[in-house]
Every structure is written in C-alpha cells, then in structure tokens.
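Trainee: model the structure of this input:
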Amino acid sequence: MIKKIIISGGSNSGKTTIIEKIKRLYEIQGIKVIIIEDSIEELLNNNNIEYTDYGYSLEAFTNLVIEKEKQKEQLLDKYLKTQKRDVLVIYSRGPKLNSIYRNSKELSKRTDYDIAINLLGDKSNNTNYERTIDILPKEHLEEKIHEVFNIINRLFGKDEVIRQEKYIVDLTKSRIGEIAAKSRFVKMEQTCLYTDDCKEIRLRRITINGVYYYIYTEYKYVDGKRYLTLEKSISEKEYRLLLKLRNKELQTMTKYRHYIFDKGTWMYVDFFEDKKETGMLEINVINEDDIQIPDYIKVIDRVKEEDNKNNRKLTFKMGDNHDNNIYRSNA
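Mentor: As a prediction, the model looks like this:
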C-alpha cells in the first residue's frame, strides 16, 4: 500500500516537528516513510536568503523550482516501483511552494496524493489543494500531532487513537523474553541540556538497527505540565557540540524502548539501564471501555495526568512506592 500526503505549513506551524515524529513512529511500525522536502526551502537554505541574491528573476526562479519538483517526482516514481512494503510519502510544502503549485498550469494538474493537511487552519496558508483537511489552531503542539497521526491511521485502515495512557511496569513479574520476542526495540541515550520551572531542552541519540539518529527537543512547562514545543533532527557534529555545553550535573540516561503491536494496539515499554525492577508502559487507547494490557506485562499502577512528566523519574518514584506496598497491582 502506498499513501501520499501533503503537509503544508509556514513558520511556527509545527511542520518540521510533526514530520519528524511521523517518520520515526511509522517506520517503527514497518511503514517506509519518504519525505519530499520543500524545493524552495532547499534552494534558499530554508528561507534565510532570497532568490534575487542568486541573480534570478522571479520567472527564472519559478521555472527552476518547477523543474526540481518534476525531477523529484520522476525519481520517486522509479523508487516506488521497487517497493513491496507499505510506503508513506510526505510532501513538505510551505506557503511559497504552495503559491507556485497554485499558479503553475503544469503543477496544479498534479493530484497524485491522498490528502493534503493544512497546519494553518485559519486559511492563511491558502493551499488550494483538493482533498484538504485544515488543522485548526491548537493550544499545544501535541494536539496537532495527535490529529495528524489519526488522519494517517485512517488512510492505512488503522484504528484512531483516543489518547495514550501510561503505566508503571513491574519487570520482575513481567515475562521479559516474551516482550523481547514480540517487539522492535530502539536504544535511546538521552541528555538534559537545560531545565528549569519553565523550559527543558533535551538531546537524544537513538539507535535503530545500528543506525544513529540525533534529535534536539524543547519542552515548556505550564502549570506543572510539560508540553512539546520543538523537535528536529540534527547532525552528529551538532549533537557533539551541544553535548559539550550541557550542565555536567545532569547525567545522560540510557533506556531501551520496546515497541509492541498486540491485539490491534500499539504500545511501548521503556527499560531503564539504571532501574532494573520497574519500567514504563505507554499504550494507545482505541476503545475507552477496553484497554487491553497483554498478560506478559505486569503493571503496578496507572500514571495520573498530574504526575505525567518524566518517565524515568516516575519509574523511580512509583517503583520505590511499589517496593513499600503503597501501590497495588491491577494486573
């Protein structure tokens, strides 16, 4: 199955963060994700310069962009013919490229996509694509991410996710071998660069099948709750430079995240290198009345929303409470 979507948005729309998260989540699920970057942003170094700085007229630059878009489509068509697994193609487009598609007779005829998602739901993005879903402004970026994920789930015939629930896991009573056999796992080395009552900045090096991915993430805290504001891929060089700037009192934490698909539901279990007895389960809720936790995962207790901050801290806090018999097992 091949699905193609356009994700359209300008500055501060969350486009980069959403696309990054889509790629990692769906590739873990076995779907190949191909990102077709915005040609204008590529040519103009992500809008830091203008086409006139290269000596182009508007007409000449527009023609250059159109040719680049056509070349990408030709290469994509050849590649897709070789694929035998599910593929998700994401076209990342900003307002300037949308304008070229809207005004070009040649490009405006291209309708080989399943859905266009406009992250600027106030119509200021003016995408003018057929089959467009407008994502209305949200208070927090996670709400946009959740809505986009469910749009993609529908395209692939998957159940929509209502929300996610977290549980502390008793690893001493869980069947670890069965978790390992049923899962795909990634290694995460996570470093907190900066944290205070208002903001947190993290670095992560993620290892998937021997390949390293470097992620920069920013969160904000509002009334004690943590919300994502930015997440993007960075180079290994950038990662190592930022590591040198970290607060030396903040240690790097290593965890192993096991992704599991069981009874139609995606979930993952985090194993922390420095906490052997307890872990963290996060499960997608697709039915309010029937949250099915596999019998090989023994949970201690559900994490309440007001406590939902840091997975590692929660496993220590609630795991220690479990040792003192404060939390009762519900599995």
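Trainee: let me see the contact set for the nearest residue to Arg175 once chain neighbours are set aside.
Mentor: Residue nearest to Arg175 in three dimensions, not counting chain neighbours: Tyr296, with 3.9 Å by CB to CB, 6 or more residues apart in numbering. Where C-beta positions appear, they are placed from N, C-alpha and C, glycine not excepted. By CB atoms under 8 Å, 6 or more residues apart in numbering, the contact set of Tyr296 is Ser174, Arg175, Glu178, Ile179, Lys182.
Trainee: what's the closest of these to Ile215?
Mentor: For the contacts of Tyr296, the closest approach to Ile215 (CB to CB) belongs to Ile179, at 24.2 Å.
Trainee: was I right about the closest one contacting Tyr256?
Mentor: No: because the distance of 10.4 Å does not satisfy CB atoms under 8 Å, Ile179 is recorded as not touching Tyr256.
Trainee: who has more neighbours, those two?
Mentor: Applying other CB atoms under 10 Å to Ile179 and Tyr256 shows that Ile179 carries more neighbours, namely 21 against 17.
Trainee: can I see the domain layout of this structure?
Mentor: 2-155, 163-323 (automatic domain parsing).
Trainee: low-confidence ranges in the stretch 151-300 of the chain?
Mentor: 287-289 (pLDDT under 70).
Trainee: hmm, 80 instead?
Mentor: Where the stretch 151-300 of the chain drops to pLDDT under 80, the residues are 158-164, 209, 223-225, 247-251, 263-264, 274, 285-291.
Trainee: can you give me the helices in the stretch 51-200 of the chain?
Mentor: Counting by DSSP state H, counting those that start in this stretch, the stretch 51-200 of the chain has these helices, from start to end: 58-80, 95-103, 105-108, 141-155, 176-182.
Trainee: circling back: doesn't the residue nearest to Arg175 fall inside a helix?
Mentor: No: read with DSSP: H, G, I helix; E, B strand; the rest coil, Tyr296 is coil and lies in no helix.
Trainee: may I have the phi/psi pair for it?
Mentor: phi -90, psi 0 (degrees, to the nearest 10).
Trainee: now it: how far from Leu155?
Mentor: Per CB to CB, to the nearest Å, Tyr296 is found 31 Å from Leu155.
Trainee: quick check: phi and psi on Ile19?
Mentor: Dihedral angles (degrees, to the nearest 10) for Ile19: phi -60, psi -40.
Trainee: hmm, it is touching Ile7, no?
Mentor: Yes: Ile19 is within contact range of Ile7, at 6.0 Å (criterion: CB under 8 Å).
Trainee: these two: who's more crowded?
Mentor: When neighbours are counted by other CB under 10 Å, Ile19 and Ile7 differ, and Ile7 comes out ahead with 24 against 20.
Trainee: what helix or strand does the nearest residue to Leu171 once chain neighbours are set aside sit in?
Mentor: Excluding the flanking residues, the one nearest Leu171 by CB to CB, 6+ apart is Gly279, at 5.2 Å. Using DSSP states H and E, Gly279 sits within strand 275-285.
Trainee: ranges for the strands of this structure?
Mentor: 2-8, 32-36, 87-93, 115-118, 132-134, 163-170, 183-195, 199-208, 211-222, 225-234, 252-262, 265-272, 275-285, 299-302 (DSSP state E).
Trainee: need the ones you listed in CSV (columns: distance to Arg240).
Mentor: As requested, these are exported to CSV (distance: least, CB to CB, whole Å):
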stretch, distance to Arg240
strand 2-8, 30
strand 32-36, 24
strand 87-93, 27
strand 115-118, 35
strand 132-134, 40
strand 163-170, 32
strand 183-195, 11
strand 199-208, 10
strand 211-222, 9
strand 225-234, 10
strand 252-262, 13
strand 265-272, 24
strand 275-285, 27
strand 299-302, 38
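Trainee: tell me which of these lies nearest to Gln74.
Mentor: Comparing the strands of the chain against Gln74 with CB to CB, the closest turns out to be strand 32-36 (12.0 Å).
Trainee: what strands flank the closest one, and is each parallel or antiparallel?
Mentor: strand 87-93 (parallel) (DSSP bridges).
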